[in-house]
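A.B. asks: Sharing a model that was predicted from the sequence below.
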Amino acid sequence: MVSLWVSLLLALAPLGQESQFDIRARQNLLLGKGEKTGDGYYDVVITRQPSSGVLIKLPYTKKGGRFSFDLHHRLAITEDFGLPADVTTVVEVLSGGTNSVGVFTIGDTISPGDKFEEGIIKTSTAEIDKFVTPMARKTITLDIRPGPQSISIVGQTLIITRGPTTTRIDTPGARIAAVSNFKFEEVTETNPLKQSGGNP
(Lines give C-alpha, C1' and ligand atoms only; values in the text may rest on other atoms or scores of the structure.)
Protein backbone atom coordinates (compact mmCIF):
# COMPACT_ATOMS: atom_id res chain seq x y z
CA MET A 1 0.00 0.00 0.00
CA VAL A 2 2.83 2.40 0.86
CA SER A 3 4.62 1.65 -2.41
CA LEU A 4 1.39 2.33 -4.32
CA TRP A 5 1.02 5.71 -2.56
CA VAL A 6 4.65 6.66 -3.36
CA SER A 7 4.18 5.64 -6.98
CA LEU A 8 1.09 7.81 -7.20
CA LEU A 9 2.92 10.83 -5.75
CA LEU A 10 5.78 10.38 -8.22
CA ALA A 11 3.34 10.10 -11.11
CA LEU A 12 1.67 13.37 -10.08
CA ALA A 13 4.96 15.26 -9.63
CA PRO A 14 5.56 17.98 -12.26
CA LEU A 15 7.85 16.83 -15.05
CA GLY A 16 8.86 20.06 -16.81
CA GLN A 17 8.36 22.20 -13.69
CA GLU A 18 7.08 25.00 -15.91
CA SER A 19 4.46 25.98 -13.31
CA GLN A 20 7.11 26.98 -10.79
CA PHE A 21 7.97 30.35 -12.34
CA ASP A 22 5.84 33.44 -12.45
CA ILE A 23 5.67 35.79 -15.46
CA ARG A 24 5.35 39.26 -13.96
CA ALA A 25 5.54 41.30 -17.16
CA ARG A 26 3.17 44.25 -17.31
CA GLN A 27 -0.09 43.35 -19.00
CA ASN A 28 0.49 45.90 -21.77
CA LEU A 29 3.54 43.88 -22.89
CA LEU A 30 1.40 40.88 -23.87
CA LEU A 31 1.36 41.00 -27.68
CA GLY A 32 -1.08 38.10 -27.85
CA LYS A 33 -1.38 34.33 -27.83
CA GLY A 34 -0.54 31.79 -30.52
CA GLU A 35 -3.53 30.43 -32.43
CA LYS A 36 -2.14 26.87 -32.43
CA THR A 37 -0.12 26.68 -29.21
CA GLY A 38 -1.92 29.14 -26.94
CA ASP A 39 1.53 30.39 -25.89
CA GLY A 40 1.80 33.98 -24.72
CA TYR A 41 4.01 36.27 -26.83
CA TYR A 42 5.44 39.24 -24.94
CA ASP A 43 6.87 42.47 -26.36
CA VAL A 44 10.44 43.34 -25.36
CA VAL A 45 11.10 47.06 -24.95
CA ILE A 46 14.39 48.94 -24.95
CA THR A 47 15.09 49.82 -21.31
CA ARG A 48 17.58 49.45 -18.48
CA GLN A 49 14.82 49.14 -15.90
CA PRO A 50 14.13 45.46 -15.09
CA SER A 51 10.56 46.28 -14.02
CA SER A 52 9.86 47.59 -17.54
CA GLY A 53 11.13 44.44 -19.23
CA VAL A 54 9.62 40.97 -19.43
CA LEU A 55 10.07 40.20 -15.74
CA ILE A 56 10.08 36.56 -14.60
CA LYS A 57 10.27 35.35 -11.01
CA LEU A 58 12.03 31.99 -10.83
CA PRO A 59 11.47 29.56 -7.96
CA TYR A 60 13.88 29.05 -5.09
CA THR A 61 16.26 26.20 -5.95
CA LYS A 62 18.90 24.42 -3.91
CA LYS A 63 21.05 23.48 -6.92
CA GLY A 64 19.97 25.93 -9.59
CA GLY A 65 18.41 25.00 -12.89
CA ARG A 66 17.95 25.92 -16.51
CA PHE A 67 15.63 28.55 -17.98
CA SER A 68 14.90 28.92 -21.69
CA PHE A 69 12.76 31.09 -23.92
CA ASP A 70 12.29 31.71 -27.63
CA LEU A 71 13.41 35.04 -29.08
CA HIS A 72 11.71 36.54 -32.15
CA HIS A 73 12.01 39.71 -34.20
CA ARG A 74 9.00 41.99 -33.68
CA LEU A 75 8.13 43.69 -36.94
CA ALA A 76 5.24 45.70 -38.36
CA ILE A 77 5.15 44.32 -41.91
CA THR A 78 3.24 47.10 -43.66
CA GLU A 79 3.05 47.44 -47.44
CA ASP A 80 5.88 49.98 -47.42
CA PHE A 81 8.14 48.01 -45.03
CA GLY A 82 10.57 47.23 -47.87
CA LEU A 83 11.47 43.58 -48.39
CA PRO A 84 13.81 41.81 -48.57
CA ALA A 85 15.42 43.13 -45.41
CA ASP A 86 18.21 41.89 -43.15
CA VAL A 87 17.02 42.16 -39.56
CA THR A 88 19.17 41.90 -36.43
CA THR A 89 17.56 42.06 -33.00
CA VAL A 90 19.62 42.33 -29.81
CA VAL A 91 18.23 41.77 -26.30
CA GLU A 92 19.79 41.47 -22.85
CA VAL A 93 18.84 39.42 -19.81
CA LEU A 94 19.23 41.21 -16.47
CA SER A 95 19.29 39.67 -13.01
CA GLY A 96 19.56 41.14 -9.52
CA GLY A 97 18.68 44.63 -10.66
CA THR A 98 20.88 45.68 -13.57
CA ASN A 99 23.42 42.83 -13.55
CA SER A 100 23.76 41.40 -17.06
CA VAL A 101 23.35 37.65 -17.50
CA GLY A 102 24.09 37.94 -21.21
CA VAL A 103 23.38 39.69 -24.50
CA PHE A 104 21.62 37.64 -27.18
CA THR A 105 21.18 38.23 -30.90
CA ILE A 106 18.90 36.88 -33.61
CA GLY A 107 19.58 37.74 -37.26
CA ASP A 108 17.59 36.83 -40.38
CA THR A 109 16.76 37.90 -43.90
CA ILE A 110 13.04 38.56 -44.20
CA SER A 111 11.77 38.08 -47.76
CA PRO A 112 8.46 38.89 -49.45
CA GLY A 113 5.88 36.25 -48.55
CA ASP A 114 7.61 35.18 -45.33
CA LYS A 115 5.21 34.55 -42.47
CA PHE A 116 5.51 33.49 -38.87
CA GLU A 117 4.81 29.84 -38.08
CA GLU A 118 1.49 30.57 -36.36
CA GLY A 119 -1.02 33.36 -36.25
CA ILE A 120 -1.17 35.56 -33.16
CA ILE A 121 -4.44 36.49 -31.48
CA LYS A 122 -3.58 40.09 -30.60
CA THR A 123 -4.51 41.84 -27.37
CA SER A 124 -4.52 45.25 -29.09
CA THR A 125 -7.11 46.32 -31.64
CA ALA A 126 -5.11 49.40 -32.76
CA GLU A 127 -4.84 49.74 -36.53
CA ILE A 128 -1.01 49.65 -36.61
CA ASP A 129 -0.87 46.56 -34.41
CA LYS A 130 -2.67 44.41 -36.96
CA PHE A 131 0.56 44.47 -39.01
CA VAL A 132 2.80 43.51 -36.06
CA THR A 133 4.08 39.95 -36.02
CA PRO A 134 6.89 37.90 -34.52
CA MET A 135 9.32 36.62 -37.14
CA ALA A 136 11.83 33.74 -36.89
CA ARG A 137 12.70 31.86 -33.70
CA LYS A 138 15.87 31.30 -31.67
CA THR A 139 15.90 29.43 -28.37
CA ILE A 140 17.96 31.06 -25.61
CA THR A 141 19.06 28.86 -22.69
CA LEU A 142 20.38 30.18 -19.37
CA ASP A 143 21.96 28.33 -16.46
CA ILE A 144 20.33 29.56 -13.25
CA ARG A 145 22.26 29.74 -9.98
CA PRO A 146 20.93 28.26 -6.70
CA GLY A 147 18.65 30.36 -4.52
CA PRO A 148 15.85 32.79 -5.40
CA GLN A 149 16.19 34.78 -8.59
CA SER A 150 14.29 37.13 -10.88
CA ILE A 151 15.32 37.87 -14.44
CA SER A 152 14.18 40.51 -16.89
CA ILE A 153 14.41 40.41 -20.68
CA VAL A 154 15.04 43.90 -22.09
CA GLY A 155 15.75 45.24 -25.56
CA GLN A 156 18.98 46.80 -26.76
CA THR A 157 18.92 47.38 -30.52
CA LEU A 158 17.01 46.61 -33.72
CA ILE A 159 18.94 46.95 -36.99
CA ILE A 160 17.16 46.74 -40.36
CA THR A 161 19.13 46.83 -43.61
CA ARG A 162 17.40 47.26 -46.96
CA GLY A 163 19.92 47.38 -49.79
CA PRO A 164 22.36 50.23 -49.03
CA THR A 165 20.17 51.72 -46.29
CA THR A 166 20.51 50.71 -42.63
CA THR A 167 18.12 51.80 -39.89
CA ARG A 168 19.13 51.39 -36.25
CA ILE A 169 16.50 51.63 -33.50
CA ASP A 170 17.80 52.07 -29.95
CA THR A 171 15.24 54.52 -28.54
CA PRO A 172 14.17 53.76 -24.95
CA GLY A 173 10.63 52.43 -24.87
CA ALA A 174 10.67 51.08 -28.43
CA ARG A 175 9.28 47.55 -28.78
CA ILE A 176 11.83 45.61 -30.81
CA ALA A 177 11.45 41.90 -30.02
CA ALA A 178 9.00 39.27 -28.86
CA VAL A 179 9.60 36.35 -26.50
CA SER A 180 7.62 33.17 -25.89
CA ASN A 181 7.81 29.50 -24.86
CA PHE A 182 9.26 29.99 -21.38
CA LYS A 183 10.53 26.82 -19.68
CA PHE A 184 12.30 26.10 -16.41
CA GLU A 185 13.91 22.89 -15.15
CA GLU A 186 15.38 22.53 -11.70
CA VAL A 187 18.55 20.59 -10.96
CA THR A 188 17.70 17.75 -8.60
CA GLU A 189 19.17 14.39 -7.64
CA THR A 190 16.97 12.77 -10.27
CA ASN A 191 17.42 15.54 -12.84
CA PRO A 192 21.15 16.46 -12.93
CA LEU A 193 21.11 18.96 -15.80
CA LYS A 194 24.33 19.46 -17.71
CA GLN A 195 25.55 23.03 -17.84
CA SER A 196 24.61 24.69 -21.11
CA GLY A 197 26.93 27.69 -21.00
CA GLY A 198 24.23 29.95 -22.45
CA ASN A 199 23.34 30.53 -26.08
CA PRO A 200 24.51 33.96 -27.25
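C.D. replies: Sure, I can see it.

A.B. asks: State the pLDDT value of the spatially most central residue of the chain.
C.D. replies: Nearest residue to the geometric centre of the chain (C-alpha atoms, centre = their mean): residue 179, 2.8 Å. We have a pLDDT of 98 for residue 179.

A.B. asks: strands paired with the one helix or strand it maps to, and their directions?
C.D. replies: Assessed by DSSP states H and E, residue 179 sits inside strand 175-186. Applying DSSP bridges, strand 175-186 is found paired with strand 40-45 (antiparallel), strand 65-76 (antiparallel).

A.B. asks: Can I get these in TSV including mean neighbour count, mean pLDDT and distance to residue 115?
C.D. replies: The C-beta positions use only the backbone N, C-alpha and C, and glycine is treated the same way. Formatted as TSV, those follow (neighbours: other C-beta atoms under 10 Å; pLDDT from 0 to 100; distance: least, C-beta to C-beta, whole Å):
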stretch	mean neighbour count	mean pLDDT	distance to residue 115
strand 40-45	25	98	15
strand 65-76	21	97	11
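
A.B. asks: could you redo those as JSON lines and give each row distance to residue 85?
C.D. replies: Output for those, formatted as JSON lines (distance: least, C-beta to C-beta, whole Å):
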{"stretch": "strand 40-45", "distance to residue 85": "19"}
{"stretch": "strand 65-76", "distance to residue 85": "9"}
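
A.B. asks: who wins for proximity to residue 161 among these?
C.D. replies: strand 65-76 (12.9 Å; C-beta to C-beta).

A.B. asks: wait, what's in contact with residue 153?
C.D. replies: Residue 153 makes contact with 42, 44, 53, 54, 56, 69, 91, 92, 93, 179 under the criterion C-beta atoms under 8 Å, 6 or more residues apart in numbering.

A.B. asks: What sits closest to it if chain neighbours are left out?
C.D. replies: residue 54 (4.2 Å; C-beta to C-beta, 6 or more residues apart in numbering).

A.B. asks: what sits against residue 152?
C.D. replies: By C-beta under 8 Å, 6+ apart, the contact set of residue 152 is 50, 51, 53, 54, 55, 56, 93, 94, 95.

A.B. asks: Secondary structure element holding it?
C.D. replies: strand 147-162.

A.B. asks: so after that strand, what's the next helix or strand?
C.D. replies: Using DSSP H and E, the helix or strand that follows strand 147-162 in sequence is strand 165-169.

A.B. asks: Many thanks, we can stop here.
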